[in-house]
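Dropping the sequence and predicted coords here.
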Amino acid sequence: HFAPHRAVYDISLTKAASGSGVASLNGRMVYELSGSACEGFTQNMRFVTRMGNQDGAETINDLRNSSWEDAGGKRLRFSTTQFANENVVESSQGDAKREMPAAAARVDLVKPDKSRFDLPPNTLFPMQHAKHMIQSAKRGEKIYAASVYDGSEKGTKIYLTNAIIGKA
């Protein structure tokens, strides 16, 4: 079972490589998980960074992601917005549905443009991915690979993921 929780991560750059163009960076990521196997899971994440370049100019990046996922892996509703200096640079919103957890899923995007497409079979949603990865670790497997869809990057990106599972 997944326990509802909130995690806060503070991020800071300790050293910048010469010629990288980055002089400073700090930020915070806040992740929240709520829900249950009965009602589904809601994930909210916000990741804000302030980056300074070598000329003294600063850029504030603000990524906001919210999703609800059916505990059985049959439905994912998502909304992602990325800001740079308070201006929207990317936004996606939509709904992915399928009849069975390992079946192909139909995605209906509302943003950035209305469109419809299918995800290949065995593409996992985020909570489904976490569940499968934990099951893989319990079986003693050392590597877990999967295709994951979360609706980010204009709502069309499927991530090919690999996890190296260490000792308990």
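Sure thing, it's come through.

how about the residue nearest the centre of the chain, secondary structure?
Closest residue to the average C-alpha location of the chain: residue 150 at 5.7 Å, with Cα atoms, centre = their mean. At residue 150 the chain is in coil, as set by DSSP: H, G, I helix; E, B strand; the rest coil.

Other residues contacting stretch 46-58?
Contacts of stretch 46-58 with the rest of the structure, by Cβ atoms under 8 Å, 6 or more residues apart in numbering, involve 11, 21-30, 59-65. The C-beta positions use only the backbone N, C-alpha and C, and glycine is treated the same way.

Look up the pLDDT of the residue nearest to the centre of the chain for me, please.
Residue 150 is assigned a pLDDT of 94 by the prediction.

Test my guess that it contacts residue 156.
No: between residue 150 and residue 156 there is no contact under Cβ atoms under 8 Å: 11.4 Å.

SS state for the residue in the chain sticking out farthest from the centre?
Note on the chain: the largest C-alpha distance from the chain mean falls to residue 55, namely 32.0 Å (Cα atoms, centre = their mean). Assigned by three-state DSSP, the conformation of residue 55 is coil.

now the strands for this protein?
5-12, 22-36, 40-53, 58-69, 75-84, 87-97, 105-111, 115-119, 123-124, 143-148, 159-164 (DSSP state E).
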